[in-house]
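Enquirer: Structure for the following, please:
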Amino acid sequence: MAPASLAASIHGRGTLPRRRWRPAERPRLPSTPPPAISETRAVGARTALATGRRREEMMTTERLLQGKVAVITGASRGIGRVMAQMFADAGADLVLMARTTSERPSKLPGTLEQTAEECRRRGARVAMVPGDVAREEDCKRVAQVTADTFGRCDVLVNNAAINPVGRLEELPLRLFQRGFEVNVFGPFMLTQALLPLLKQQPGSFIINISSGAARTVAPGWAVYSASKAALDRMTLTLAEELKPYRINVVDLQLELSVVTEGYMYNRPDADYSTWEKPEIMGEAALWIIRHGDRYHGRIVTIGELRQDYAAAGQAGTPA
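Expert: Next up, the predicted model:
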């Protein structure tokens, strides 16, 4: 598989772009670019793409997840929606969870049903579970639906998250609690509920979606930063505990903001030219899965994966 966005990001720029803070906008995380990628490595990555094999063709041909079942939360829009589509292209059957449905719409575009239909058109079998990851009964229902529908789980992507922005002196306690309920308790409860199925598939994956907010400071982002830092520690602990079961546990950390429906709805005229596209997270997850236990027990950034991709291209190994 040749991840187009990973390579495209290397092509023409050796480091991730820095962002400028704009007072009129909602605060964005300051970026910490990875070390510069050498021109030699960049050429290697471009060579890997010069074969003319597009990402979509490679996913259809390779079918990395053929016969596998993936559970993805936050699947109605944004990263979760795109991940579901890309996993379907890679051959996976899917269990999708989200709060937004046609019966309970949001002001933002996208519903669970729309994502499911898009994935079915790609050839995936899809089970939908409307629900809130912060509710234990909903997490248990996801596990039950997964077992009843497919009888297995090979990949769990804990993607659902919220970001209640506000200065600490003004932030209601309930919003602080809600941030941890969704961003930390949700992955904990869903992982716990799905572990019996994951243990039955040696080499299965738990991928927790984290953020550079876990290691940076931005006024107004205390809830998100603290909850993602907690998720990081929980992920690494879980990786140690699950070693005997050969379950690969990875913390996938995005350093820069992703262009999603939410951002575009709230700020349609903003300049998103330096922002990541949601496809980068799907490509990163598929890259991690392709490489087995290579990333187990690690906090892995998109910048690091870009360098690994470039190195693989330089070495002449399949991307």
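Enquirer: quick check, Met128 in a strand?
Expert: Yes - judged by DSSP: H, G, I helix; E, B strand; the rest coil, Met128 forms part of a strand.
Enquirer: start the count at 24, not 1, going forward
Expert: Let's use 24 as the start, then, which means that last one is Met151.
Enquirer: from what I can see it touches Leu135, true?
Expert: Yes - assessed by CB atoms under 8 Å, Met151 is found in contact with Leu135 at 5.3 Å. The way it works is simple: take the backbone N, C-alpha and C, and place the C-beta from them, glycine included.
Enquirer: Of the two, give the one with the bigger neighbour count.
Expert: Neighbour comparison, Met151 and Leu135: the larger count goes to Leu135, with 27 against 20 (by other CB atoms under 10 Å).
Enquirer: wait, what's in contact with that one?
Expert: Applying CB atoms under 8 Å, 6 or more residues apart in numbering to Leu135 gives the contacts Ala98, Ser99, Leu119, Met120, Ala121, Thr123, Thr124, Ser125, Met151, Pro153.
Enquirer: got a winner among those for most neighbours?
Expert: Ranked by neighbour count (other CB under 10 Å), the contacts of Leu135 have Ala98 at the top, with 33 neighbours.
Enquirer: Can you tell me the SS state at the closest residue to that residue other than its chain neighbours?
Expert: Of all residues not flanking Ala98 in the chain, Leu119 sits nearest, at 3.9 Å (CB to CB, 6 or more residues apart in numbering). On the three-state scheme (three-state DSSP), Leu119 is labelled strand.
Enquirer: what do Met151 and Leu135 both touch?
Expert: Leu119, Met120.
Enquirer: And the pLDDT for Pro301?
Expert: Pro301 carries a pLDDT value of 85.
Enquirer: looking at it, it is touching Val105, isn't it?
Expert: Yes - under the criterion of CB under 8 Å, Pro301 makes contact with Val105 at 4.1 Å.
Enquirer: Report the buried residues of stretch 247-262.
Expert: For stretch 247-262, burial by neighbour count (16 or more other CB atoms under 10 Å) applies to 247-255, 257-259, 261-262.
Enquirer: ugh, typo on my part, it should be stretch 217-229
Expert: Using 16+ other CB under 10 Å as the test for burial, stretch 217-229 gives Leu217, Leu218, Leu220, Leu221, Gln224, Ser227, Phe228, Ile229.
Enquirer: So which of those residues are in strands?
Expert: Counting by DSSP state E, the buried residues of stretch 217-229 place Phe228, Ile229 in strands.
Enquirer: any weak-confidence spans in this structure?
Expert: Counting by pLDDT under 70, the chain shows low-confidence ranges at 24-84, 282-289, 337-342.
Enquirer: other SSEs contacting the longest helix seen in it?
Expert: The residue-count maximum for a helix in the chain (DSSP state H) belongs to helix 245-264. Packing contacts for helix 245-264, counted by 3 or more CB pairs under 8 Å, 6 or more residues apart in numbering; DSSP states H and E, involve helix 196-203, helix 209-222, strand 228-234, strand 271-277, strand 321-324.
Enquirer: relative to helix 196-203, how tilted is it?
Expert: Angle between the axes of helix 245-264 and helix 196-203 is 30 degrees (criterion: axes from the mean of the first three to the mean of the last three CA atoms, to 10 degrees).
Enquirer: give me the element Thr169 is part of.
Expert: Assigned by DSSP states H and E, Thr169 falls within helix 159-172.
Enquirer: Taking strand 149-153 as reference, get the angle to that helix.
Expert: Using the same axes, to 10 degrees: helix 159-172 against strand 149-153 is 160 degrees.
Enquirer: In helix 159-172, which residues are buried?
Expert: Buried residues in helix 159-172 (16+ other CB under 10 Å): Glu159, Asp161, Cys162, Lys163, Arg164, Val165, Ala166, Val168, Thr169, Ala170.
Enquirer: Adding distance to Val273, write those residues out as CSV.
Expert: Below are the buried residues of helix 159-172 laid out as CSV (distance: CB to CB, whole Å):
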residue, distance to Val273
Glu159, 24
Asp161, 24
Cys162, 20
Lys163, 24
Arg164, 25
Val165, 20
Ala166, 20
Val168, 24
Thr169, 20
Ala170, 23
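Enquirer: Fine by me, thanks again.
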